[in-house]
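# A predicted structure for the sequence below; I have some questions about it.
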Amino acid sequence: MKERCEIKLKKSTILLAEDEENLRNSFKKILLLYVNEVYTASDGEEAFEIYNRCKPDILITDLKMPKLNGLDLIKIIRKENENIPIIVTSAYTDQSFLLESIKLSLVEYAIKPIREINLSQLLESCANILLKNSKTIINLGNQNFYDYDNKNFISKGNNILLTNKEISFFEILLAHKGTLVTKSDIEDKLYIYEEAPPSALKNLVFKLRKKLKVDVIKSVSKLGYIIE
C-alpha cells in the first residue's frame, strides 16, 4: 500500500455493519490495523443511527441484515453523501443487487470471507477516494473558514463547534457552493429517517446563524439557501 494511503487511513474511521457477531468482532480487529477507529452495528437501522452520529469516512456493510438491509442503507446514505467510499460484503453473489449497485458507486462488492491481502487493496482504493475528495479547509471570505477534517467553523481564528445536524446542513450547502439549494432538497437529506416539523429547518438555520455570528448563509425567500 502506498505511504500516503496508509497515512490517510490511520486518520480515518470506518462504520462496519454486520449482523453476525463473531464475524463482526474479528473483522473489526483486522480493520483496526489500518484505521483510527471502527464503529460497529448489528443491523441497518443501528448502522444509520451511528452514521448520523459519528460521520465515518468509510462504510463497510453486509447485504443481508435485519430491520434495514444493506442496499436500502446505502441508498439512504447516498442521498446525503455522494462521496463516502462503500464496500459491500456478502456470502454469495446477488445478481439483482449487482444491477442496483451500478448507480450506487461502490468501491467493491466483496464475497465473504475477504482475504487480508484483498482487504488491504480495497482499503487502499477507499483511501485514494478520500484523498481525491479531500477538501480540508474552505475559505469563505472575511477570515471565515470551514474545516472538513475537524467538522467545525473557524471565524477570525476562533473554532466554533457544530452539532451533527449543523454539520450536515453546512456540508450540503458547501457541496453546491455558489448555487441555490432548495428547502425540499435540504430536508430530504437532513431528515431522511425521521419526521421533522415544518419549522425544523428554519429553526436550525436560525440557531446556526446565531452561533456563527457572521452572515455566510444566504436565504432566498421561500426557495432555499446558498453559500456564495
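It's in. Residues are numbered from 1 along each chain as shown.

# Which positions in the helix or strand harbouring K28 come out as buried?
Using DSSP states H and E, the element containing K28 is helix 21-31. By neighbour count with 16 or more other C-beta atoms under 10 Å, helix 21-31 contains the buried residues 23-24, 27, 31. C-beta here means a position set from N, CA and C on the backbone, and glycine is covered the same way.

# Could you list every helix and strand that the helix-or-strand element of the chain with minimal mean pLDDT packs against?
Lowest on mean pLDDT, DSSP states H and E among the helices and strands of the chain sits helix 95-101, with a mean of 74. With contacts defined as 3 or more C-beta pairs under 8 Å, 6 or more residues apart in numbering; DSSP states H and E, helix 95-101 has these neighbours: helix 70-80, strand 86-90, strand 108-111.

# Any idea how far it is from the middle of the chain?
22 Å (C-alpha atoms, centre = their mean, to the nearest Å).

# what residues does the lengthiest helix in the chain touch?
Longest helix of the chain, by residue count under DSSP state H: helix 116-133. Helix 116-133 is contacted from outside by 1-2, 4-6, 8-9, 12, 30-31, 34-35, 57-58, 83, 85, 87, 107-108, 110, 114, using C-beta atoms under 8 Å, 6 or more residues apart in numbering.

# again, only using 7 Å
Residues from elsewhere that reach helix 116-133, judged by C-beta atoms under 7 Å, 6 or more residues apart in numbering: 1-2, 4-5, 8-9, 12, 30, 34, 57-58, 83, 85, 87, 107-108, 110.

# for stretch 28-39, same thing?
With C-beta under 7 Å, 6+ apart as the test, stretch 28-39 has contacts from 9-16, 40, 50, 54, 56, 116, 119, 123.

# at 10 Å what do you get?
Applying C-beta atoms under 10 Å, 6 or more residues apart in numbering, the contact partners of stretch 28-39 are 1, 5-6, 8-18, 24, 27, 40, 46-47, 50-51, 53-60, 114, 116, 119-120, 123-124, 126-127.

# What sits closest to V88 if chain neighbours are left out?
Y109 (5.0 Å; C-beta to C-beta, 6 or more residues apart in numbering).

# Only the buried residues of the longest helix of the chain, if you could.
In helix 116-133, counting by 16+ other C-beta under 10 Å, buried: 119-120, 122-124, 126-130.

# ok, and for the least confident helix or strand of the chain, which residues are buried?
97, 101.

# got the CA coordinates for it in PDB?
Taking C-alpha atoms only, helix 95-101 is exported to PDB below (Å, rounded to 0.1, in the frame of the first residue of the first chain):
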ATOM      1  CA  GLN A  95     -27.500 -10.600  -9.300                       C
ATOM      2  CA  SER A  96     -30.400  -8.200  -8.600                       C
ATOM      3  CA  PHE A  97     -28.100  -6.300  -6.200                       C
ATOM      4  CA  LEU A  98     -25.300  -6.200  -8.700                       C
ATOM      5  CA  LEU A  99     -27.600  -4.400 -11.200                       C
ATOM      6  CA  GLU A 100     -28.800  -2.000  -8.500                       C
ATOM      7  CA  SER A 101     -25.200  -1.300  -7.300                       C
END
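
# which residues sit against it?
Counting by C-beta under 10 Å, 6+ apart, 63-64, 69-71, 74-75, 86, 88, 90, 94, 104, 106, 108-109 sit against helix 95-101.

# go on, stretch 187-202?
Here stretch 187-202 has contacts from 45, 48-49, 51-52, 68, 75-77, 79-81, 165, 168-169, 171-172, 175, 181-184, 186, 203-204, 206, 219, 224-225, using C-beta under 10 Å, 6+ apart.

# picking up where we left off before, so how do I select the buried members of the contacts of helix 116-133 in ChimeraX?
Applying 16+ other C-beta under 10 Å to the contacts of helix 116-133 leaves a buried subset, and the ChimeraX line that selects it is:
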select :5,8,9,12,34,57,58,85,87,107,108,110
